[in-house]
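J.: Below are the sequence and a predicted model; questions follow.
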Amino acid sequence: MHTQINLMQDSLGWKHLEDILEPSVGQCLSLNLTNFLNGRQIIFSNGESRLVPIQGWARKNKHSCTTLTTIQPLKEETTIVAIDSSSIQVAETEEGVLYAVKSGIAIATRGQTQAHFKIGPILFYLSEDTLKHSELDHRITKLILFDSESAKRLIRVRVERAIQLELSHHFTDAILLVDGSLRSSVFEHRSHTLKKIVENGSLYKNTVAGISKITKLRILDKISLPLTKIKDPGYIDVNLIIKSLVRNTIGDTLLVKFGYSYTSPILRLDIATADKDISLGKILGNDSIARGYPETLQLAHHISTFTGTEVSCLKSYVLNKYDVVELASEDIRKKLLGSILI
Amino acid sequence: MKILYKNNTDELILLAMKSDTARKGDYLLIHDQKSNKKMIVQIYNEEYLSSQSLIEDIVKDEVVVASSIENLHDPLDIGNLSRMIRDARLFKAKIRASIDSESKFSNEVTWLPSRVYSKINRMKISEINNLVKRTGLYSIHLGSSGWDDEQFEIYAEDLDGKLNIVTGKKESGKSHLSKILIKTLVEYGAFVIVFDLNNEYGGLAWNGDGTLSTLHEQITMLEPGGGLEFSLDYCGNAAISSMLKNALDMPAASLREFFRIWDWLENKNTLDMEALGNAINTWNTNELVRDALISRFHAICSSGLFVSTLNTSHKGLRFEQLISKKQGLALILNMGKAMPVVRRMIVELVLTKVVELLEKGIIPPIFLFAEEAHLYIRDTYWEDIITRMRHFGIYTTFITNQPDAISDSVYRQVDNIFLFNFTNDTDLDKISKVSLADNETVKSIVRTLPQRQCLVIGKVVRDLPMVVKITPADIMALGQTKTFFKTESRVQDVSSVS
């Protein structure tokens, strides 16, 4: 039986093909792993999410000569306002896509979360017609119509900026915490830009700070090593490095550790203020830090995410409210690839 | 309401929103508009529509709300829809019957209604009655049933010639229902004998406010030494033999000697308590037998159940005389204060005598109400009551708070069960195994029945179990437990009312 299969394989020339393909693939990129992996530290990847070593990368690198500053909590009463939002695709028509957005605002003072505000869900329908008067660049309009991830980002950025702008002149002497970096976006509305928010903030003596849970800049992971060696909260100024790599960032960029533990997460923080030490001290003194992350931002995240029930309710709302006809649909990828049950 | 799926062979799961009002025991009519067939189902349990994500959402929301004050801006009012989903429920319903396109009613259901084209409506009790043709001449108003608290009645004809069980935990309303049944049966001219263990059925003679009830003349209360007294010759040797053997455990040798004395006295026409005592003392017999006879004679004397009739005009109780006098009678045999052995003697005497009278056709059939019968009826008697005696015309209703005290053979013969609340799992297991309805219905409904509500199963409801709220009756409450802290409890009652 085996001989028969081998004969058949040989008749198709598999052996010859293998001889040709092996060097060809090998030439694409280096296949020599031994020289490069031997003796290295490693963390195994977990699908989509980006993992970082708890104790940092232990080996020294060329950027490790940075100054570390510890943060002392300031008990001066300050309002901490955190904003977060999320968007999802709800439905699709022949002409466009229906999205929903949800935002959350959480407020804390004196180390206690005081209140939260849920906004939404709000529905947005993006099609050529609805985007006609959006003042968006032609190419961005095309991108949004064809790429739902970009469309979701556009909606999120616009809604978030609108809320942030309102909050920036609603409060005084407050700290506005934003999820993500302080970076101008092409999706911003011209009257609701991050620059305006920061300007407004300084007019009303508010500080705007953006905290990123993960960063795409791998270099920051390497620089953060000194922060893993101290137990108390602290920060490293990485402004020069970031400015050299990324355009459109607003304020200074720091690597911050808010938690009181060696293993607390190290976060990227963009802050638009003249006195970073005081602002960071106020965050520590007025927000509650859970697992090394401000609780207001956690709460804003939780109240702004869509639950399964809400998604069902939104679909039900669309079906009931508008005269739409639901068509039977299928997942082409699933249908074509199927699955092998083990 | 919508059909979600079929669970077992006879169970449908229905999805209901908060506005869909129904409760355990309610009947629903599922009308399949495509096939024009109807299905009758009964809700026996209610649960939340639950999924892991729904529970996670609820927990998350509660944690968030507990940690800070919530403000909302929900322009589409999605939160309201979400709350509706969180409040959605699943009704578990048993398929009970179906009506085909030609309006023919059947208990055999071999089809499934459409999930798309079916309309579900709550059924009224009157609709169910019409469908199952539940009618009769002698209605017994028990109370109300269904969502709209419709008047609910059974028919005396469905108790006639039947074996019934009223069971439930203590103070759930068993005696109250029994009193309503007795009262109405007597009103319709029936003859009822009650073995009253708590001396409470005498209250039927009075209204709640202490005035005489309309049945006052038809209620006769008897107790040993207080009317429940027989002459030896009226009882006859069959009843006395049964009493000596089964209640007083007299050995066969002594029994033979006893009836020699009996025959001797009877031949002399001097059969009387006093003469019997003298004869036993002077009878020429073995000393051990004499001792056995003397001890039984003393038990008979001290029971207060027998009278000396030779030198008095008092001839003792005669059932046929009581029954011939009145149109409808409840004979309440108070056994609350009697010793266990005397209770057993009463039961042996009464049942043997009544059977004898029925056999001879001297009295009409009677309804027998036996409360906690296991305390005074010997094991072998159960089968006799449910098989032989019903042919003579004794139609028994057992009232008990111990369902396991009644044997399975009784349950197998039972025609109607009135089930009050049980919370004890052992009792529920027992009753659900032997009752006429399915296990799940009994367990689920009975566990949550409030006081004075019962699940009626059997012929009185044409095998469609019904939850009935028993109406309050204007009957004087007797037989309450004598308490030490009477004054304090009264004070508490007054303050709780005010």
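T.: Sure, I can see it.
J.: By residue count, tell me the biggest helix in chain A.
T.: Counting residues, the longest helix in chain A under DSSP state H turns out to be helix A:148-170.
J.: what's that helix packed up against?
T.: Using 3 or more Cβ pairs under 8 Å, 6 or more residues apart in numbering or on different chains; DSSP states H and E, the elements in contact with helix A:148-170 are strand A:79-92, strand A:96-109, strand A:112-127, helix A:138-146, strand A:174-179, helix A:194-203. For glycine as for every other residue, the C-beta is placed from the backbone atoms N, C-alpha and C.
J.: What about residue B:158? Give its phi and psi, please.
T.: Per-residue torsions, residue B:158: phi -80, psi -10 (degrees, to the nearest 10).
J.: Quick check: it vs chain A, distance?
T.: To chain A, residue B:158 is 49 Å away according to Cβ to the nearest Cβ, to the nearest Å.
J.: And for residue B:11?
T.: Counting by Cβ to the nearest Cβ - residue B:11 and chain A are separated by 26 Å.
J.: What mean pLDDT does the helix or strand hosting residue B:399 get?
T.: Element membership for residue B:399 (DSSP states H and E) is strand B:394-400. Here strand B:394-400 scores 90 as its mean pLDDT.
J.: ok, now stretch A:318-336?
T.: pLDDT averaged over stretch A:318-336 gives 82.
J.: How about stretch B:409-422?
T.: Here stretch B:409-422 scores 87 as its mean pLDDT.
J.: Run through who's touching that stretch.
T.: With Cβ atoms under 8 Å, 6 or more residues apart in numbering or on different chains as the contact definition, stretch B:409-422 has outside contacts at B:158-159, B:162-169, B:172-174, B:177, B:382-383, B:386-387, B:398, B:403, B:428, B:431, B:434-436, B:442, B:446-451, B:453-460.
J.: Give me the subset of those residues lying in helices.
T.: Those of the contacts of stretch B:409-422 lying in helices (DSSP H): B:174, B:177, B:382, B:383, B:428, B:431, B:434, B:442, B:446, B:447.
J.: I only care about those residues that end up buried; give me the ChimeraX line for that.
T.: To isolate the buried members of the ones in helices among the contacts of stretch B:409-422 in ChimeraX, using 16 or more other Cβ atoms under 10 Å in any protein chain shown:
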select /B:174,177,382,428,431,434,442,446
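J.: Any chance of CSV for the ones in helices among the contacts of stretch B:409-422, columns pLDDT and distance to residue B:333?
T.: Listed next are these as CSV, based on pLDDT from 0 to 100; distance: Cβ to Cβ, whole Å:
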residue, pLDDT, distance to residue B:333
B:174, 89, 18
B:177, 93, 20
B:382, 69, 19
B:383, 73, 22
B:428, 83, 32
B:431, 81, 27
B:434, 71, 28
B:442, 85, 32
B:446, 89, 30
B:447, 89, 34
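J.: And the helices in the stretch 151-300 of chain B?
T.: Assigned by DSSP state H, counting those that start in this stretch, the stretch 151-300 of chain B shows helices spanning B:174-187, B:232-242, B:252-267, B:273-282, B:287-303.
J.: okay, the ones you listed, which one's buried deepest?
T.: Neighbour counts (mean count of other Cβ atoms under 10 Å in any protein chain shown) averaged over each of those peak at helix B:174-187, with a mean of 22.
J.: centre of the chain versus that helix, how much separation?
T.: 10 Å (Cα atoms, centre = their mean, to the nearest Å).
J.: got it, and stretch A:102-121?
T.: Relative to the chain's own centre, stretch A:102-121 is displaced by 19 Å; criterion: Cα atoms, centre = their mean.
J.: need the contact list for the nearest residue to residue A:231 once chain neighbours are set aside.
T.: Leaving out its chain neighbours, the residue that sits closest to residue A:231 by Cβ to Cβ, 6 or more residues apart in numbering or on different chains is residue A:262, at 5.7 Å. Residue A:262 makes contact with A:55, A:228, A:229, A:230, A:231, according to Cβ under 8 Å, 6+ apart.
J.: Model confidence score at residue A:262, please.
T.: Per-residue confidence at residue A:262 stands at 83 (pLDDT).
J.: returning to that earlier point: which one of the contacts of residue A:262 is nearest chain B?
T.: residue A:231 (27.1 Å; Cβ to the nearest Cβ).
J.: residues in contact with the residue lying closest to residue B:219 once chain neighbours are set aside?
T.: Excluding the flanking residues, the one nearest residue B:219 by Cβ to Cβ, 6+ apart is residue B:205, at 3.9 Å. By Cβ under 8 Å, 6+ apart, residue B:205 lies in contact with B:212, B:213, B:215, B:216, B:219, B:221, B:476.
J.: Grab the most central residue of chain B for me.
T.: The centroid of chain B falls nearest to residue B:166 when counting by Cα atoms, centre = their mean (1.5 Å).
J.: partner residues bridging that residue?
T.: residue B:399, residue B:418 (DSSP bridges).
J.: I figured it hits residue B:401, correct?
T.: No - if you go by Cβ atoms under 8 Å, residue B:166 and residue B:401 don't touch, sitting 9.8 Å apart.
J.: Mutual contacts of these two, please.
T.: In contact with both residue B:166 and residue B:401: residue B:174, using Cβ under 8 Å, 6+ apart.
J.: Name the residues of the stretch 51-200 of chain A found near chain B, please.
T.: Selection of the stretch 51-200 of chain A residues close to chain B by Cβ under 8 Å from any Cβ of the partner chain yields A:106-107, A:113-123.
J.: quick one: residue B:363 from residue B:357, how far?
T.: 5 Å (Cβ to Cβ, to the nearest Å).
J.: now residue A:240
T.: Applying Cβ to Cβ to residue A:240 and residue B:357 gives a distance of 116 Å.
J.: The two - which one has more neighbours?
T.: residue B:357 (19 against 11; other Cβ atoms under 10 Å in any protein chain shown).
J.: what residues are up against the more buried one?
T.: Remark: with contacts taken as Cβ under 8 Å, 6+ apart, residue B:357 is in contact with B:319, B:320, B:363.
J.: angle of the helix or strand harbouring it against helix B:287-303?
T.: Residue B:357 belongs to helix B:340-359 when assigned by DSSP H and E. Angle, helix B:340-359 to helix B:287-303, by axes from the mean of the first three to the mean of the last three Cα atoms, to 10 degrees: 80 degrees.
J.: quick one on the thing from earlier: pick the one among the residues of the stretch 51-200 of chain A next to chain B closest to residue B:34.
T.: Distance to residue B:34 across those (Cβ to Cβ) is lowest for residue A:123, with 35.9 Å.
J.: How much space separates the spatially closest residue to that closest one that is not a sequence neighbour from residue B:270?
T.: Leaving aside its chain neighbours, residue A:123 sits nearest to residue A:100 (5.4 Å; criterion: Cβ to Cβ, 6+ apart). Separation of residue A:100 from residue B:270 (Cβ to Cβ) stands at 105 Å.
J.: For chain A, what is the nearest residue in the stretch 151-300 of chain B?
T.: Across the stretch 151-300 of chain B, the shortest distance to chain A (Cβ to the nearest Cβ) belongs to residue B:152, at 39.8 Å.
J.: got the contact list for that residue?
T.: Shown in contact with residue B:152 (Cβ under 8 Å, 6+ apart): B:125, B:141, B:142, B:143, B:144, B:145, B:146, B:466, B:468, B:469.
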